[in-house]
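J.: Next one to model:
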Amino acid sequence: MSVFYQLAYVALLAGIIATILVGKRTDNFPAVVNGVTSLVVALSPIAVEVGLTIGMGVDVTFGQALPLWLAVAGFIHMLGMLGWYDSIWWWDHLTHTVSAGLVAALVYAGLLTLVDHSPAIQLSAAYIAAFTVLFTLGMGVLWEFVELVAREVGERIDHPPVLRHYGLRDTALDLLSNCVGALLVVALDLRTFVPVTDQRPGLVEPVLVASVVGIVGGSIVLALLVAVEQRE
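T.: The predicted model follows:
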């Protein structure tokens, strides 16, 4: 499994780098920006592990699944940026399902860890499932606002936006895809990231609270920005 993981991970990173080169060669600025971002995100778990170990002496292991999942999400997103979003109608929804599944799996693992390590906190399986789905949908709403802001900024500076927004119908389908990704995680009782959250159980609750506040606050701020931009 370890060898398979390493080969798959390296292949996906190489694929992301290849899409960056294609984007640069074709003067596709949004593809280059998204490609670099995808590469950084895919490498971030390993970078954080090394940084914490060397800089702070803190031993944290994210395991194999997280960087691999990030690399998969980044690679299929980059294929979309190079034209698959336009030529394959369901590709955008696939990327949303995969990305939402990752968010849901992390939240689900965090809630399970919170229950296991905090006897005072009693959460039913139904509550954990519902919170996971709602949190993932909230993150999806925030992302849709990010896409809208990116479009407005692109129009203001007369430059192709780094993120694409295809309208309200597409937004509804994206949110449905997010819901599917989250439902799959809770239906399959996917505990892939429980070992990760188990390492620092005390951080789970503040991180979840901060994330909820960030989603709500960020969505409100971005919605106001979009409204102001559209009035001007």
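J.: I'd like the next helix or strand past the helix or strand in which Ala104 is found.
T.: Using DSSP states H and E, Ala104 falls within helix 91-117. Sequence order places helix 125-156 as the next helix or strand after helix 91-117, per DSSP H and E.
J.: after that following helix, next one along is what?
T.: Using DSSP H and E, the helix or strand that follows helix 125-156 in sequence is helix 168-187.
J.: What lies in contact with that following helix?
T.: Helix 168-187 is touched from outside by 92-94, 96-105, 108, 128-129, 132-133, 136-137, 139-141, 144, 165, 190, with contacts defined as C-beta atoms under 8 Å, 6 or more residues apart in numbering. Using the backbone N, CA and C atoms, a C-beta is placed for each residue, glycine as well.
J.: how about low-confidence regions in this protein?
T.: For the chain, applying pLDDT under 70 flags the ranges 1, 58, 229-232.
J.: So which residue is smack in the middle of it?
T.: Ser99 (4.7 Å; C-alpha atoms, centre = their mean).
J.: Can you give me the neighbour number for the closest residue to Pro30 other than its chain neighbours?
T.: Using C-beta to C-beta, 6 or more residues apart in numbering and skipping residues adjacent in sequence, the residue nearest Pro30 is Val162, 4.7 Å away. Counted with other C-beta atoms under 10 Å, residues neighbouring Val162 total 18.
J.: cool, Ala187 as well?
T.: Burial measure for Ala187: 9 neighbouring residues, criterion other C-beta under 10 Å.
J.: Please consider this matter closed, and thank you.
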